[in-house]
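[1] here is a sequence with its predicted model. Questions after.
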Amino acid sequence: MDIISVALKRHSTKAFDASAKLSAEQAENLKTLLQFSPSSTNSQPWHFIVASTEEGKARVAKSAAGGFVFNERKMLDASHVVVFCAKTAMDDAWLEKVVDQEDADGRFATPEAKAGNHKGRTFFADLHRKELKDDAHWMQKQVYLNVGNFLLGVAAMGLDAVPIEGFDAAVMDQEFGLTEKGFTSVVVVAVGRHSVEDFNAALPKSRLPQSTTMTEI
């Protein structure tokens, strides 16, 4: 299946088949998609909680209590649930971690090349954390790049998914001690197979026409 067919076919799943579980290979591929997503300057300002056990999914679903209870079954019935978390502040230690990993992966021919790369990434980090003072927002935007990449990748694997913003981030952050670790939960994505109760699977896709959303020059 080509990528355009995938984009036209995928949909936000409203109900999952609780008996349908991902294979071990599919579960590993989910983690690969998360790891190799693009991000601005390859800053990778994220962390992911991947829940596949009943206990793990129940912990994630605590965030759907109260006003978000309509999302609880999605979290519990999906095979895997991913909590996408963003760093709350871009610190120098993280920038060093990224460039050292790039060095270990063989991206630099010389120490000067490594230093130049680090200087360029730090320039953009400083733009957001010192001049614009919106580094938290900037990092959350990188997380959403990952979400888009992940949703399309999951669909290409023949799986169903739904992004979920309807959850209590404060509850989620407390449950997993995210604040103390320098992260906050941003969005949840449930992955699995849709059930017969998924009304959205049979509906035609609807998007605004290109004449409204695009300008060609």
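    Arrived safely. Since this is a predicted model, take the numbers as computed values, not measurements.

[2] every contact and neighbour count from this point should use C-alpha atoms.
    OK.

[3] are we agreed that residue 163 is in a strand?
    Yes: assessed with DSSP: H, G, I helix; E, B strand; the rest coil, residue 163 lies in a strand.

[4] which non-adjacent residue is nearest it?
    Of all residues not flanking residue 163 in the chain, residue 189 sits nearest, at 4.4 Å (Cα to Cα, 6 or more residues apart in numbering).

[5] what about that neighbour, which SS state?
    Residue 189 ends up strand, using three-state DSSP.

[6] and it, what pLDDT?
    In this model, residue 189 is scored at 98, pLDDT.

[7] and what of residue 141?
    Looking at residue 141, its pLDDT is 98.

[8] check which helix or strand it maps to.
    helix 135-156 (DSSP states H and E).

[9] in that helix, what's buried?
    By neighbour count on 16 or more other Cα atoms under 10 Å, the buried set for helix 135-156 is 135-136, 138-144, 146-147, 149-156.

[10] any idea how far residue 171 is from the residue nearest to residue 163?
    Here the criterion is Cα to Cα, to the nearest Å. By it, residue 189 lies 17 Å from residue 171.

[11] so the residue nearest to residue 163 touches residue 161, yeah?
    Yes: judged on Cα atoms under 8 Å, residue 189 makes contact with residue 161 at a distance of 6.6 Å.

[12] what are the ranges of the strands in the protein?
    In the chain, the strands defined using DSSP state E lie at 46-51, 80-87, 160-164, 183-192.

[13] now those strands in TSV, please, with extra columns for mean neighbour count.
    Formatted as TSV, the strands of the chain follow (neighbours: other Cα atoms under 10 Å):
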stretch	mean neighbour count
strand 46-51	19
strand 80-87	25
strand 160-164	22
strand 183-192	24
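
[14] make CSV out of those and add distance to residue 11.
    Below are the strands of the chain laid out as CSV (distance: least, Cα to Cα, whole Å):
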stretch, distance to residue 11
strand 46-51, 21
strand 80-87, 17
strand 160-164, 7
strand 183-192, 12
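
[15] which among those is found nearest to residue 203?
    In terms of Cα to Cα, the element of the strands of the chain nearest to residue 203 is strand 160-164, at 14.7 Å.

[16] so the closest one versus strand 183-192, what angle?
    If you take axes from the mean of the first three to the mean of the last three Cα atoms, to 10 degrees, strand 160-164 sits at 150 degrees to strand 183-192.

[17] still on that earlier bit, and of the strands of the chain, who's closest to residue 18?
    Checking the strands of the chain against residue 18 by Cα to Cα gives strand 183-192 as the closest, at 8.3 Å.

[18] point out where this structure drops to low pLDDT.
    1 (pLDDT under 70).
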